[in-house]
Every structure is written in C-alpha cells, then in structure tokens.
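Engineer: Task: produce atomic coordinates for the following.
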Amino acid sequence: MERVSGLLSWTLNRVLWLSGLFERGAARQPRIMEEKALEVYDLIRTIRDPEKPNTLEELEVVTESCVAVQEISEEDYLVIIKFTPTVPHCSLATLIGLCLRVKLQRCLPFKHKLEIYISEGTHSTEEDINKQINDKERVAAAMENPNLREIVEQCVLEPD
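Structural biologist: Numbering: from 1, shown residues only. Okay, the predicted model is just below:
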C-alpha cells in the first residue's frame with residue numbers, strides 16, 4: 001500500500017509539474033524571472049525617443065534581451081537594463097536612461113532595485129552616463145528641472 005501511495009503521489013506531482021500548475025522551486029525560479037523581465041520590457045518598449053516619433057523598441061534601443069531580473073530576497077528584485085543608443089555619440093542617451101528609470105519607478109508592480117546601463121562599447125561616454133543615470137541625487141535634480149521633466153513626461157506617456 002505504501003508503495004502504491006508513493007507511486008500515486010509521484011505520478012500526480014509529475015502530471016501537475018508537466019502541466020505547469022506545480023513547479024519545484026529550482027524549476028520555477030527561471031520562469032518567474034523571465035515573466036518579470038517580460039513585464040519590465042512591456043513597460044519600457046513603448047517609451048518614445050526624445051528626438052524621433054519612434055518608440056525605443058522600434059529603434060532597437062531596447063530589446064527583450066536587454067532586460068534581466070534577479071531575485072534579491074523573497075519579494076525584492078534587481079532589475080538590470082542595458083540599452084543601446086542609436087549612435088555612439090548620441091547626445092540624448094542620458095535622457096533615455098532617465099526616461100527608463102522614471103517609467104519603471106512609476107509603473108513596476110513589484111518591489112525592486114533598478115540598475116540601468118548603456119550596453120558596453122555602444123557609446124563614447126558610457127561610463128559617465130552610467131554613473132549619472134544610477135545616481136539618485138542626480139536623477140532627482142534632473143527631474144526638478146521643469147523643461148527636462150516635461151520632455152520625460154512626453155516620452156513616457158502611454159500611447160492611446
């Protein structure tokens with residue numbers, strides 16, 4: 001009887017696992033991170049470029065592969081975005097990073113820490129820009145500027 005019970009339990013767990021209704025912790029973890037990364041991507045892909053009428057997705061400034069999510073604790077996540085400016089000397093790369101940060105701070109439904117970087121080797125001043133867009137004081141100061149804030153608001157505004 002014990003053997004039958006064990007076999008039945010194993011079979012039931014296997015059926016649930018294969019159907020996706022039940023997942024073991026290790027198998028479940030990557031799926032949750034992928035879902036959260038897609039959630040982040042869905043939020044940032046519609047951000048408008050400050051100079052062009054296109055979205056960051058249309059210009060391939062952001063792609064699904066540029067978003068990574070890691071679990072820090074049970075309900076805390078690290079969101080890492082590596083975006084690619086359209087040209088190596090893009091004068092608006094800092095503004096794009098600011099738009100990414102503002103949109104995610106406002107819209108992400110889960111507790112997170114945010115790191116935004118320019119993809120390595122894709123901008124002439126990537127190191128300086130990376131420092132700026134990840135410095136809370138600089139971001140806060142930038143958002144106090146009414147002209148800059150208006151540009152950011154127009155870029156992060158959801159399309160109709």
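Engineer: what helix or strand does I80 sit in?
Structural biologist: With the criterion set as DSSP states H and E, the secondary-structure element containing I80 is strand 76-83.
Engineer: helices or strands next to that strand in the packing?
Structural biologist: For strand 76-83, the packing partners by 3 or more C-beta pairs under 8 Å, 6 or more residues apart in numbering; DSSP states H and E come out as helix 25-44, strand 67-73, helix 93-107, strand 112-118. Heads up, the C-betas are built off the backbone N, CA and C, glycines and all.
Engineer: again, only using 7 Å
Structural biologist: Here strand 76-83 touches strand 67-73, helix 93-107, strand 112-118, going by 3 or more C-beta pairs under 7 Å, 6 or more residues apart in numbering; DSSP states H and E.
Engineer: okay, these, which one's buried deepest?
Structural biologist: Each of the helices and strands packed on strand 76-83 was scored by mean neighbour count; the highest is helix 93-107, a mean of 21, by mean count of other C-beta atoms under 10 Å.
Engineer: That one versus strand 76-83: what angle between them?
Structural biologist: Going by axes from the mean of the first three to the mean of the last three C-alpha atoms, to 10 degrees, helix 93-107 is angled at 150 degrees with respect to strand 76-83.
Engineer: Before I go, just wanted to say thanks for your time.
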